[in-house]
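Novice: Coordinates only, no sequence provided:
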């Protein structure tokens with residue numbers, strides 16, 4: 001009996017020892033695991049610090065390599081880059097770093113149009129500084145524009161001049177349509193940029209500044225505006241020296257004063273209607289006749305073909321930066337389109353269906369067409385020059401229906417008296433007032449006197 005109890009006691013002790021040893025082992029494993037994880041975390045942290053240190057060093061090395069100390073011109077692509085000039089801070093452009101605070105000698109070159117919002121960006125404290133850098137910017141064909149999105153002032157504006165003392169942008173060429181004051185009380189004035197969509201009937205007849213030509217002995221007026229283009233007319237008769245020769249070299253004939261010019265020689269360089277194909281840039285302004293008589297070879301049509309020859313008129317009158325083409329004068333269809341826009345209560349009708357020779361004309365209230373009408377008025381110089389100092393009227397690039405016997409040699413004209421009439425190709429009393437068709441994307445500003453100036 002005693003032996004049995006002793007054996008049971010030894011068994012209990014052995015079990016306790018085993019449990020204790022197992023508990024100790026679990027504790028040791030946990031301690032080892034925690035210690036290992038902590039060491040691993042420390043190693044990773046050290047590695048991150050080392051990596052960060054290395055990366056910072058690499059960035060500093062790369063930064064030094066990108067720094068530009070004496071650039072010829074700093075390229076400017078965005079508004080933010082433009083602002084950085086006034087903020088005197090370093091910025092990376094095209095993979096190179098420019099420190100504007102050290103670039104007092106630098107010049108800048110626009111690589112895009114820069115558009116700045118009047119309502120928000122003009123509040124920047126450095127706006128003044130940016131203005132004074134503008135005379136150091138090579139703009140190429142790009143512009144620094146200011147945009148407003150509020151009320152009647154909505155649109156694009158351009159500051160054209162400024163004085164440092166007054167901190168004012170004044171409008172050298174524009175009617176002031178927006179005056180903005182920054183938080184500092186500095187006032188800026190802007191001229192609103194206009195496109196063909198912005199111009200209406202009140203623009204007709206207004207003078208156009210900024211249309212520069214190598215041979216330009218006259219000014220230019222707005223003659224007509226359609227859905228895409230603005231058409232200018234010479235504000236006076238052009239001299240013989242500016243009038244081109246025919247395509248085969250024939251010269252125009254002049255009657256003493258250099259402005260009264262006839263086509264009694266130059267017409268010989270042309271075939272007639274066939275010279276003005278449907279692909280001609282100004283075909284639509286003579287389509288009434290050309291669609292009816294596409295093969296007419298009369299002297300009058302040969303003379304008209306000369307006036308419509310853009311290859312000869314363009315070199316002297318088409319500035320390719322602003323214009324699509326130039327011709328020797330308005331056609332009757334273009335004249336009527338313009339006149340009827342400004343006189344909707346007294347329109348004119350022109351028709352080539354009345355005669356194979358050319359156009360007839362009438363007031364809309366008349367029952368019959370005639371070869372001539374009077375009463376155009378003499379106060380609108382884009383249509384009628386009420387003076388005989390240089391010439392007695394202008395040629396229209398359209399054949400007249402008037403004939404003398406079997407001879408078809410009369411061209412339409414507008415006289416100083418306010419009559420839309422006809423004259424022989426040999427007439428020595430008329431002059432030329434070329435028409436220029438401006439490009440559809442041309443931009444203008446309105447001047448204080450109500451005229452316009454091309455700015456692009």
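Specialist: Received it, and whenever you're ready, just let me know what you need. Source: prediction; values computed, not measured. Residues are numbered from 1 along each chain as shown.

Novice: Test my guess that residue 274 contacts residue 295.
Specialist: Yes - proximity of residue 274 to residue 295 meets the contact threshold set by CB atoms under 8 Å, at 6.1 Å. In short, each C-beta sits where N, CA and C put it, glycine included.

Novice: Neighbour count for those two, which is higher?
Specialist: residue 274 (14 against 10; other CB atoms under 10 Å).

Novice: Assign a three-state SS to the more buried one, would you?
Specialist: State at residue 274, reduced to three classes by DSSP: H, G, I helix; E, B strand; the rest coil: helix.

Novice: show me what contacts it?
Specialist: Shown in contact with residue 274 (CB atoms under 8 Å, 6 or more residues apart in numbering): 294-295, 297.

Novice: Which of these sits closest to residue 447?
Specialist: Within those, proximity to residue 447 (CB to CB) peaks at residue 294, which comes in at 44.0 Å.

Novice: Give me the neighbour count for the nearest residue to that closest one once chain neighbours are set aside.
Specialist: Spatial nearest neighbour of residue 294, chain neighbours left out: residue 273 (5.3 Å); criterion: CB to CB, 6 or more residues apart in numbering. By the measure other CB under 10 Å, the count of residues near residue 273 is 23.

Novice: so where is the stretch 101-250 of the chain shaky, pLDDT-wise?
Specialist: Scanning the stretch 101-250 of the chain for pLDDT under 70 picks out the ranges 101-105, 119, 122-135, 150-154, 159-190, 214-217.

Novice: could you pull out the helices for it?
Specialist: Applying DSSP state H, counting those that start in this stretch to the stretch 101-250 of the chain gives helices spanning 118-121, 127-132.

Novice: For residue 210, the count of nearby residues, please.
Specialist: Neighbours of residue 210 under the rule other CB under 10 Å: 17.

Novice: For it, give its distance to residue 455.
Specialist: Counting by CB to CB, to the nearest Å, the gap from residue 210 to residue 455 is 7 Å.

Novice: same question, residue 157
Specialist: Per CB to CB, residue 157 is found 11 Å from residue 455.

Novice: Which of the two has more residues huddled nearby?
Specialist: Neighbour totals were compared for residue 157 and residue 455, and residue 157 leads with 26 against 18 (other CB under 10 Å).

Novice: Verify the contact between that one and residue 144 for me.
Specialist: No - using CB under 8 Å as the test, residue 157 is too far from residue 144 to be in contact (10.4 Å).

Novice: so what's the residue nearest to residue 294 up against?
Specialist: Residue 273 is in contact with 289-290, 293-297, 301, 305, counting by CB under 8 Å, 6+ apart.

Novice: In JSON lines: those, plus distance to residue 260, secondary structure and pLDDT.
Specialist: Below are the contacts of residue 273 laid out as JSON lines (distance: CB to CB, whole Å; DSSP: H, G, I helix; E, B strand; the rest coil; pLDDT from 0 to 100):
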{"residue": "289", "distance to residue 260": "26", "secondary structure": "helix", "pLDDT": "96"}
{"residue": "290", "distance to residue 260": "28", "secondary structure": "helix", "pLDDT": "96"}
{"residue": "293", "distance to residue 260": "29", "secondary structure": "coil", "pLDDT": "94"}
{"residue": "294", "distance to residue 260": "32", "secondary structure": "coil", "pLDDT": "94"}
{"residue": "295", "distance to residue 260": "32", "secondary structure": "coil", "pLDDT": "94"}
{"residue": "296", "distance to residue 260": "27", "secondary structure": "coil", "pLDDT": "94"}
{"residue": "297", "distance to residue 260": "27", "secondary structure": "coil", "pLDDT": "95"}
{"residue": "301", "distance to residue 260": "22", "secondary structure": "helix", "pLDDT": "97"}
{"residue": "305", "distance to residue 260": "21", "secondary structure": "helix", "pLDDT": "98"}
